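Novice: sequence plus the predicted model coming up.
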There are 2 protein chains.
Amino acid sequence: MRLNNTSNRATPTGAKSRLAVGLMSGTSVDGIDAALVQISGLAEIPRVRLRSFLTTGYPPDVRNRVMHAASGEPLTAQEVSQLNFLLGELFAEAVLGVCRRGRVSPKRLSIIGSHGQTIYHQGRPTQESGWNIASTLQIGEPAVIAARVGRPVVADFRSADIAAGGQGAPLVPMVDYLLMKHPRKGTVALNIGGIANITVVPPGARPGEVFGFDTGPGNMVMDSLVRHFTGGRESYDPGGRRASRGSVIEGILREALVFPFFAQSPPRSAGREQFGKVFIEQYFLSWPRLRFEDALRTALELTVKTIAVALIRFVFPRFQMHRLVVSGGGVHNRLLTRRLRELLPQLSFHRSDQFGLPVDAKEAMAFAVLADRTLQGLPGNLPSVTGARRAVVLGKITQP
Amino acid sequence: MRLNNTSNRATPTGAKSRLAVGLMSGTSVDGIDAALVQISGLAEIPRVRLRSFLTTGYPPDVRNRVMHAASGEPLTAQEVSQLNFLLGELFAEAVLGVCRRGRVSPKRLSIIGSHGQTIYHQGRPTQESGWNIASTLQIGEPAVIAARVGRPVVADFRSADIAAGGQGAPLVPMVDYLLMKHPRKGTVALNIGGIANITVVPPGARPGEVFGFDTGPGNMVMDSLVRHFTGGRESYDPGGRRASRGSVIEGILREALVFPFFAQSPPRSAGREQFGKVFIEQYFLSWPRLRFEDALRTALELTVKTIAVALIRFVFPRFQMHRLVVSGGGVHNRLLTRRLRELLPQLSFHRSDQFGLPVDAKEAMAFAVLADRTLQGLPGNLPSVTGARRAVVLGKITQP
């Protein structure tokens, strides 16, 4: 469990302040992130402040059940149904836990925004009995959360965007836009998770001018190398300390940089299909007498170079950019952030904390903000980012 | 496809009238019932009028996919997810179809209430990773319906009742209560589907005094016999004509009437587990030289006797009852309704049409009324019927 207590700007007088909880559980199925968020300000100029944050691990057998459901292996409708309600109980506990930690009565919450646990997502349609169908499936029954906490819940954010012809993802860019837009400063919000992705908010942008795409690997290649070289005993390189002791192997870097994905024009999205096991085998493990530290240092360089190249090729020619706002686990890698700053000296460097979004809580907070919008009847997707035909109100509202 | 156009009482002046569509697709997976309903009057004294009604069959391959999902056989999360969105498209077509038939622009709908297609339901909790979990799973993505029709949708009615400790069923009794309650007349709403169930609304009842239970077989035993004797070529006895040519076999009837289920005190619920294949084999097919017509006539007599006995044993001793209001497919069996009237001469006999609920459209209409209540923030379950700890607002609201 982790705790963050961070505030950004003062609440403007007269803007009604409300409390919301955002819940997020990622595809790594590590646990449930719950963020208690104070939201104030007008709809299009919200202010957010993290009041408390809590990560609750899944019990091992529940994690196994979720992993199995999401694995693509068959399971019964009974298992989907029971797991949906079981996760609802765990999500409700997470909400009550983050409220306790923040010393806030759950009764004071205006809304809970629950992303849910994705067990299937297909952003592009395929033929189904004569129809073109894309779909998404998040579980963690909101009726259970609403009943246990006694407050309304917004959940299932991605379906409405898919129903409107979008890919149902990414949704965080709306929050990047709301919190980072600036009349004269162009901003790149960079999230470094397994994959690195950017939201581009040009100076004075309207919603339709925001765009975003995956730049390539975030921590994925580095983490795979750590697991490979430690035989699975370690899963990442804390602070980038091990990489700091290595040197870039120019031969690997040169070859990896011409991997076809990096030449693709946006929109583009990546995953384990591109940068998983096959990638490190092909580019790294085939190298003779490869040292752990050098491999890591090279993977780190690949990550930062591909981020920089993506900005230089696809963003800077179109818009004047001034600020780089980083979030995600990769921010804890100090060598990585130092190299980013060196490669992109034209941008001022910020952690997302400076915009009210502490790096580890950012995603959970985003779903509190999106739920708050739904409650106000405001759209939550950015069609220019998801490909939807129009901006739509996201999610379903469940009363307690 | 069928059409009904029926009205009941005049809309009281000053009560705001609104249009809603109710969607229902039963466990037999025959197709989608869509009812366009005009609702007026105050929340606790609604008036309903069926404006148009449409049953759309499922395409055969979709029906097979639904049957497979609901069969208990394993399937992938992908199949659940894609089928959920595919059914959303078909449900949306049903809404647009019933609006066209009723010559009403979909834009005029205040709400759509979609029951969804049940692929799993477990009203009683079992142990799941240390939690007591009951659950329900209806598919037919409401975000797709909302997007295609352009109006808000309430769906997933059963989850909130289960989250409140109820069995998530039955939900129609709330609508029976709202439309049939009377200050001095006790009313039994009897629905004769595969199983026969009753809602008991005592004279001047408050919501907490309503109760209901399954009396036993409705059409299930008769229909099974038809399928058996015709080798599956026929599925029911139209109008009860074949049964009219047979005689009751007293030996079978006597033995079947002491089947343990009929002695159970309510609440009790039945299904194919009790009155399916095993039941007809044990009580009927074991009889020597059994004639088709006599078997049917006996099964019909078993149905009406067990309904009458249930009322006489469990209802009449507690409350004064005056009216019997019948609905469901069994109403089309004229011998069955005649025998019911003969066995229950103390009750005045009515079809649910007289209360604004044409017998075939009743269930779909009920979900239009329940959605209307959700939109008003009113509870839709009856804790005395479902076993929930409290009355709750049912369903989730999805905006277009």
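Specialist: Yes, it's here.

Novice: work out for me the element residue A:45 sits within.
Specialist: For residue A:45, there is no host helix or strand (DSSP states H and E).

Novice: contact partners for it?
Specialist: By Cβ atoms under 8 Å, 6 or more residues apart in numbering or on different chains, residue A:45 lies in contact with residue A:178. C-beta coordinates here come from the backbone N, C-alpha and C atoms, glycine included.

Novice: any idea how far it lies from chain B?
Specialist: Per Cβ to the nearest Cβ, to the nearest Å, residue A:45 is found 23 Å from chain B.

Novice: same check, this time on residue A:294
Specialist: Between residue A:294 and chain B the computed distance is 40 Å (Cβ to the nearest Cβ).

Novice: list phi and psi for the residue nearest to residue A:162 when sequence neighbours are not counted.
Specialist: Closest residue to residue A:162 apart from its sequence neighbours, by Cβ to Cβ, 6 or more residues apart in numbering or on different chains: residue A:168 at 4.2 Å. When read as degrees, to the nearest 10, the backbone of residue A:168 gives phi 70, psi 0.

Novice: again, but for residue A:398
Specialist: phi -110, psi 130.

Novice: residue contacts, it?
Specialist: Per Cβ under 8 Å, 6+ apart, neighbours of residue A:398: A:142, A:143, A:145, A:146, A:152, A:153, A:154, A:155, B:159, B:160, B:395, B:396.

Novice: let's go with 6 Å and repeat that
Specialist: For residue A:398, the contacting residues are A:142, A:143, A:146, A:153, B:396, by Cβ atoms under 6 Å, 6 or more residues apart in numbering or on different chains.

Novice: for residue A:142, see how far away it is.
Specialist: 4 Å (Cβ to Cβ, to the nearest Å).

Novice: who touches both of the two?
Specialist: Common neighbours of residue A:398 and residue A:142, using Cβ under 6 Å, 6+ apart, are residue A:153.

Novice: report the beta-bridge partners for residue A:127.
Specialist: Here residue A:127 sits in beta bridges with residue A:132, going by DSSP bridges.

Novice: that one: how many residues sit nearby?
Specialist: Around residue A:127 there are 8 other residues, counting by other Cβ atoms under 10 Å in any protein chain shown.

Novice: how about residue A:75?
Specialist: Neighbour count for residue A:75, taken as other Cβ under 10 Å: 18.

Novice: do the one 4 residues further on as well
Specialist: Residue A:79 is flanked by 17 other residues according to other Cβ under 10 Å.

Novice: doesn't it fall inside a helix?
Specialist: Yes - assessed by DSSP: H, G, I helix; E, B strand; the rest coil, residue A:79 belongs to a helix.

Novice: wait, what's in contact with it?
Specialist: Residue A:79 is in contact with no residue at all, counting by Cβ under 6 Å, 6+ apart.

Novice: make it 10 Å
Specialist: The neighbours of residue A:79, taking Cβ atoms under 10 Å, 6 or more residues apart in numbering or on different chains as the test, are A:65, A:68, A:69, B:74, B:77, B:120, B:128.

Novice: any idea how far residue B:24 is from it?
Specialist: In this view, residue A:79 and residue B:24 are 26 Å apart by Cβ to Cβ.

Novice: what sits against residue A:165?
Specialist: Residue A:165 is in contact with A:125, A:132, A:134, A:383, A:386, A:387, A:388, A:389, A:390, A:392, B:147, counting by Cβ under 10 Å, 6+ apart.

Novice: can you give me the strands in chain A?
Specialist: Assigned by DSSP state E, the strands in chain A fall at A:18-25, A:31-40, A:47-57, A:109-128, A:131-139, A:153-155, A:187-192, A:195-201, A:211-217, A:323-327, A:348-351, A:396-398.

Novice: which among the contacts of residue A:79 count as buried?
Specialist: Buried members of the contacts of residue A:79, scored by 16 or more other Cβ atoms under 10 Å in any protein chain shown, are A:65, A:68, A:69, B:77, B:120, B:128.

Novice: need the residues you listed in TSV (columns: distance to residue B:111).
Specialist: Supplementary listing: the buried ones among the contacts of residue A:79 in TSV, determined by distance: Cβ to Cβ, whole Å:
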residue	distance to residue B:111
A:65	36
A:68	37
A:69	32
B:77	30
B:120	26
B:128	34
